[in-house]
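[1] Got a sequence here, can you model it:
(one chain, ligands or ions: 1)
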Amino acid sequence: MKAWRFHGFGDMRLDDVPEPACPPGHALVEPLCVQPSVTEAQLAFGIPTLAYDRVKRRLETEAPIQLFGHEFCARVLECGPGVAGYERGQRVAARAKLPCQDCPLCRSEKSDLCRRGPVIGFDLPGCFAERAVLPEIALVKVDDSISDSEAACLQSLSDSVAAVETAQIQVGDSVVILGQGSMGLECLQVARLCGAGLVITVDVRDEACAMSRQLGADHALNAKTCNVVETIRDLTGGNGADVVFECAGGSPKQGLAGSATIATALDAVRSGGKIIGVSWFGTPVELNVDLFRERSLRYLFPDISTRAHLEFTVRLVASGRVRVKPTITHVLNGIESVPRAFEITANKGKFKAINPAQVVMQPAAQRRE
Ligand SMILES: [Zn+2]
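    Numbering: from 1, shown residues only. Now for the predicted structure:
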């Protein structure tokens, strides 16, 4: 079969690789629609971010290797022995980070805190290939009312659900979301469902601000044309917001905000309020911890999203309570277009993309039935 393999950073090739076997507890799937995450797109070009050192080491010692491809919709072709919950023909999505099922945390039903298990696309081959083999514990069934394209967004949405859960929003809370990329737009919609009374979003792109208003922001501020902190203070009675989600940070080379948004978050949150860290910065960040101490601030980070979160996202999208379709701006056709999807996703600002660029892996007429 054909699979995209990395021979080094910035060097991906569509290679012929052996058909994967389907061991017990696993399903063989045919990817239908796949998107690189922003992290994967940056790593593909060797830009430091989450898991950079791990990927670099693997490339230096094992290349060529299949990497990435954990955000997808796929169809089950075959189930290995012991797989009871799935059957041929069903569409599935997956969570990326899996529990090891063996450590003390996993044995005490805290497996969402386990960091020993494999990650799809990093330790296990992902879905930038004609076929993939995935552990049953990673999978979730996709409802018929959800398109392949929407289903490819479920993994990211489940991380956004986990982020909003971390904030423990109270009914009526004022919420600020810095950054209106796909996760910022998802956090906006989930925060509203959780009872946020006032939602203020911030971006530097007019198209992202317009999308944000369309998806329910009470105020979508363009940081290029207004004083964000002053406006947020005015809108929240002078004190600042109860909760601030930081979804904008990352490498400025990719059009992201660096770490300046942490300073904005500190100025925009009220005393005793919460800042939820959603971004990955890719480099160490300097913080004045005394400011947090003085103002009793909480800087919190989401847990790994669980299977329950992923199943919840299926219900959210199927019922229309969260809309991901309007955020899907770039859809490419055919497995050959995967590198282009990486290029667009690594440079979303330049290409005016909101969600990562998606790839419909093969035309329906050519699929194996
Ligand atoms: Zn474990």
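
[2] contacts, neighbours, all on C-alpha from now
    Fine.

[3] List the buried residues in the helix or strand of the chain with the lowest mean pLDDT.
    Ranked by mean pLDDT, DSSP states H and E, the weakest helix or strand in the chain is helix 348-351, scoring a mean of 89. For helix 348-351, burial by neighbour count (16 or more other Cα atoms under 10 Å) applies to 348, 349.

[4] so what strands line up beside the helix or strand that that helix is followed by?
    Downstream of helix 348-351, the first helix or strand assigned by DSSP states H and E is strand 358-360. Strand pairing for strand 358-360, using DSSP bridges, gives strand 26-35 (antiparallel), strand 331-333 (parallel).

[5] winner for burial among those strands?
    With neighbours defined as mean count of other Cα atoms under 10 Å, these peak in mean count at strand 26-35, which reaches a mean of 27.

[6] Quick check: the gap between residue 98 and residue 264.
    34 Å (Cα to Cα, to the nearest Å).

[7] Between these two, point out the one with more neighbours.
    residue 98 (23 against 15; other Cα atoms under 10 Å).

[8] Ramachandran coordinates for the residue of the stretch 251-369 of the chain found nearest the ion?
    Here the stretch 251-369 of the chain gets closest to the ion at one residue, residue 304, 12.4 Å apart by Cα to the ion. Main-chain torsions, residue 304, degrees, to the nearest 10: phi -60, psi 140.

[9] Surely it and residue 98 touch.
    No: at 9.1 Å, residue 304 and residue 98 do not qualify as touching, with contact defined as Cα atoms under 8 Å.

[10] Find the residues that touch each one of the two.
    Between them, residue 304 and residue 98 share no contacting residue under Cα atoms under 8 Å, 6 or more residues apart in numbering.

[11] burial measure for residue 89, as a count.
    Residue 89: 14 surrounding residues under other Cα under 10 Å.

[12] where's the closest residue to it other than its chain neighbours, which helix or strand?
    Leaving aside its chain neighbours, residue 89 sits nearest to residue 76 (5.2 Å; criterion: Cα to Cα, 6 or more residues apart in numbering). Take DSSP H and E as the rule and residue 76 turns out to sit in strand 71-79.

[13] State the next helix or strand along the chain beyond the helix or strand containing residue 185.
    Using DSSP H and E, residue 185 maps to helix 182-193. Once the chain leaves helix 182-193, the next helix or strand it forms, by DSSP H and E, is strand 198-203.

[14] Within the sheet, what are the partner strands of that following strand, with directions?
    The partner list of strand 198-203 in its sheet, established with DSSP bridges, is strand 174-178 (parallel), strand 219-222 (parallel).

[15] For the stretch 251-369 of the chain, which residues score under the pLDDT cut-off?
    Along the stretch 251-369 of the chain, segments meeting pLDDT under 70 span 251, 253-255, 257, 363-369.

[16] What parts of it come near the ion?
    Applying Cα under 5 Å from the ion, one finds that the stretch 251-369 of the chain does not approach the ion at all.

[17] now the helices for the stretch 251-369 of the chain?
    For the stretch 251-369 of the chain, the helices defined by DSSP state H, counting those that start in this stretch cover 260-268, 289-294, 307-318, 338-346, 348-351.

[18] Single out the most deeply packed of the ones you listed.
    Ranked by mean neighbour count, the helices of the stretch 251-369 of the chain are led by helix 338-346 with a mean of 23 (mean count of other Cα under 10 Å).

[19] quick one, which of the helices of the stretch 251-369 of the chain is nearest to residue 38?
    Nearest to residue 38 among the helices of the stretch 251-369 of the chain is helix 338-346 (6.0 Å), distances taken as Cα to Cα.

[20] Which neighbouring elements make contact with the closest one?
    Using 3 or more Cα pairs under 8 Å, 6 or more residues apart in numbering; DSSP states H and E as the contact test, the elements touching helix 338-346 are helix 38-44, strand 358-360.

[21] mind checking which helix or strand the residue nearest the centre of the chain is in?
    The C-alpha lying nearest the average C-alpha coordinate of the chain belongs to residue 156 (Cα atoms, centre = their mean; 3.0 Å). Residue 156 belongs to helix 154-167 when elements are defined using DSSP H and E.
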